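S.K.: Quick one, fold the following:
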Amino acid sequence: MKITGLSTQAVVLPMAAPIRSALGGISSFGCILVRITTDAGVTGENLVFTLNNVRTRVLQEMVQSLSPLIEGCDPGHIGGFWSRAWKDINFVGHKGVSVVGISAVDGALWDIAGKACGLPIYRLLGGHSAAVPAYHSGGMWLSSSIDELTREAESFVGQGFRAMKMRLGSATMAEDVARVRAVREAIGPEVKLMADANQGMTVSSAIRLGRMLEEFHLTWFEEPLPAYDLEGVARVAAALDTPIASGETEYTRYGFRQMLELKSADILMPDLQRVGGVTEFVKVAHMAEAFDVPVSSHLFSETSLQVLGGLANANYLEYMPWFSALYNEKLQFDQGKALVPERPGWGVTFNWDYIKSLEPC
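M.R.: Residues are numbered from 1 along each chain as shown. Sure, this is the predicted structure:
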């Protein structure tokens, strides 16, 4: 089997209502839909995106620029593509848009691999769990009032979720504490609660707030500092009893190796488009396992689920339904766990009828 082509389509996916975190507001996404075709009739699909449709064309061009590295090649030689691409992007750098481009191609190649042999990706990776604990991350933003927070939290429990995440970054620490207290009281002590500062704090403020939140038994305190301050977040992790989760903005195994060496986080959170796709996500997870560190996922619920299902140290899937409308198939849950699809490849396929209704970029 040989690769015959790579194509991309960029569309604007609007949000039902704008949201706000410490990083700013979000009202839409620039989604780049990636397709790799083969002479055997097997097609691989994947998705990468930008926030608010900013620099979508830049990312699309990066993906397209990798086409010469795969055309005419065996799609099963994913490692070979990775080696060629890693060398090819050297001049523009091994972080940022260039790595996202590699991730886009990598994921489509893994989709082909699964479809070609009739297996879901998680089984190609060794098959550890057919169900992964999930937390609901699609609500409880800074733009929500306390009443809205508690209603959302109660609705997530009503949907069967046993874990959920809220955002931090209010005008004062007292307000953040009040919001966490209200949610904890609404959901009770047994439901897991995570809180995400979205990189909006300093070392001292994160330690102060983290200590104030200890009484609420958070499952983790996420991204308290800017992603580049690995030494600083290590100081925060050492100062608090609450576990620190971070890594969604880190790139490839080299960035995560430094996080592990510095003890920057108790839970690593690779993002499929920034870590370097399935190939690098798995390398990061296995490296973390050697340090007895668990991994969670960031966004990309439908596709991250396949990767987590193949890992022994996966602890939570982030359920964020931002892109669910783009797929024909919907995730299934049972008792707070996401069920890994047994369909080949990603186990999900693009809903092209819906995609045709979206505005092109």
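
S.K.: Helix or strand: which one has the closest residue to Ile244 other than its chain neighbours?
M.R.: Closest residue to Ile244 apart from its sequence neighbours, by CB to CB, 6 or more residues apart in numbering: Ala237 at 4.2 Å. (Glycine included, C-beta is placed from N, CA and C.) If you go by DSSP states H and E, Ala237 is part of helix 230-239.

S.K.: Same question for Arg211.
M.R.: helix 203-213.

S.K.: Tell me what angle that helix forms with helix 230-239.
M.R.: 30 degrees (axes from the mean of the first three to the mean of the last three CA atoms, to 10 degrees).

S.K.: Check which element follows helix 203-213 along the chain.
M.R.: Counting by DSSP H and E, what follows helix 203-213 is strand 220-222.

S.K.: Which elements pack onto that next one?
M.R.: Judged by 3 or more CB pairs under 8 Å, 6 or more residues apart in numbering; DSSP states H and E, the packing partners of strand 220-222 are strand 192-196, helix 203-213, strand 244-246.

S.K.: I'd like the ones you listed laid out as CSV, including mean pLDDT.
M.R.: Listed next are the helices and strands packed on strand 220-222 as CSV, based on pLDDT from 0 to 100:
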stretch, mean pLDDT
strand 192-196, 98
helix 203-213, 98
strand 244-246, 98
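
S.K.: Looks to me like Leu317 is in a strand.
M.R.: Yes. Counting by DSSP: H, G, I helix; E, B strand; the rest coil, Leu317 is located in a strand.

S.K.: burial of it, as a residue count?
M.R.: Residues lying near Leu317 (other CB atoms under 10 Å) number 28.

S.K.: phi, psi of the closest residue to Ala206 other than its chain neighbours?
M.R.: Excluding its sequence neighbours, the residue lying closest to Ala206 (CB to CB, 6+ apart) is Pro224, at 3.6 Å. Main-chain dihedrals, Pro224, degrees, to the nearest 10: phi -70, psi -30.

S.K.: Identify the residues contacting Pro224.
M.R.: Ala197, Gln199, Gly200, Met201, Ala206, Leu209, Gly210, Val233, Val236, Ile244 (CB atoms under 8 Å, 6 or more residues apart in numbering).

S.K.: Please report the distance of it from Glu190.
M.R.: 25 Å (CB to CB, to the nearest Å).

S.K.: Kindly report the same for Met212.
M.R.: Taking CB to CB, one finds Met212 at 22 Å from Glu190.

S.K.: who's more crowded, those two?
M.R.: Met212 (14 against 7).

S.K.: Helix, strand or coil: sort out the closest residue to that one other than its chain neighbours for me.
M.R.: Distances taken as CB to CB, 6+ apart place Val177 nearest to Met212, at 5.3 Å, with adjacent residues excluded. Using three-state DSSP, the structure places Val177 in helix.

S.K.: Based on its surroundings, how many neighbours for Val177?
M.R.: 17.

S.K.: quick one: contacts for it?
M.R.: Leu209, Met212, Leu213.

S.K.: got the residues you listed as TSV, with distance to Pro321 columns?
M.R.: Shown next, in TSV, are those (distance: CB to CB, whole Å):
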residue	distance to Pro321
Leu209	28
Met212	31
Leu213	27
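
S.K.: quick one: which of those residues is nearest Ser21?
M.R.: Leu209 (15.5 Å; CB to CB).

S.K.: Could you report the distance from the closest one to His77?
M.R.: 48 Å.

S.K.: Those two: who's more crowded?
M.R.: In this view Leu209 and His77 are compared by other CB under 10 Å, and Leu209 has more residues nearby, 23 against 15.

S.K.: low pLDDT regions in the stretch 251-361 of the chain?
M.R.: Residue ranges of the stretch 251-361 of the chain with pLDDT under 70: none are present.

S.K.: Okay, buried residues for stretch 113-129 please.
M.R.: Going by neighbour count (16 or more other CB atoms under 10 Å), the buried part of stretch 113-129 is Ala113, Gly114, Lys115, Ala116, Leu119, Pro120, Ile121, Tyr122, Arg123, Leu124, Leu125, His128.

S.K.: residues touching Ala314, list them.
M.R.: His128, Ser129, Val132, Ala285, Pro294, Val295, Ser296, Ser297, Val307, Leu308.

S.K.: Quick check on Ile26: phi, psi?
M.R.: For Ile26, the backbone dihedrals (degrees, to the nearest 10) come out as phi -130, psi 130.

S.K.: Tell me the predicted confidence for it.
M.R.: Note for Ile26: predicted pLDDT of 95.

S.K.: Distance of Ile32 relative to Met320?
M.R.: 18 Å.

S.K.: Domain-wise, how is the protein divided?
M.R.: Each domain of the chain is listed here as a residue range: 3-118+351-360, 122-339, per automatic domain parsing.

S.K.: mind checking which of those domains is nearest Gly345?
M.R.: The nearest among the domains of the chain, by CB to CB, is domain 3-118+351-360 at 3.5 Å.

S.K.: first to last residue in that closest one, what's the distance?
M.R.: From its first residue to its last, domain 3-118+351-360 covers 26 Å (CA to CA, to the nearest Å).
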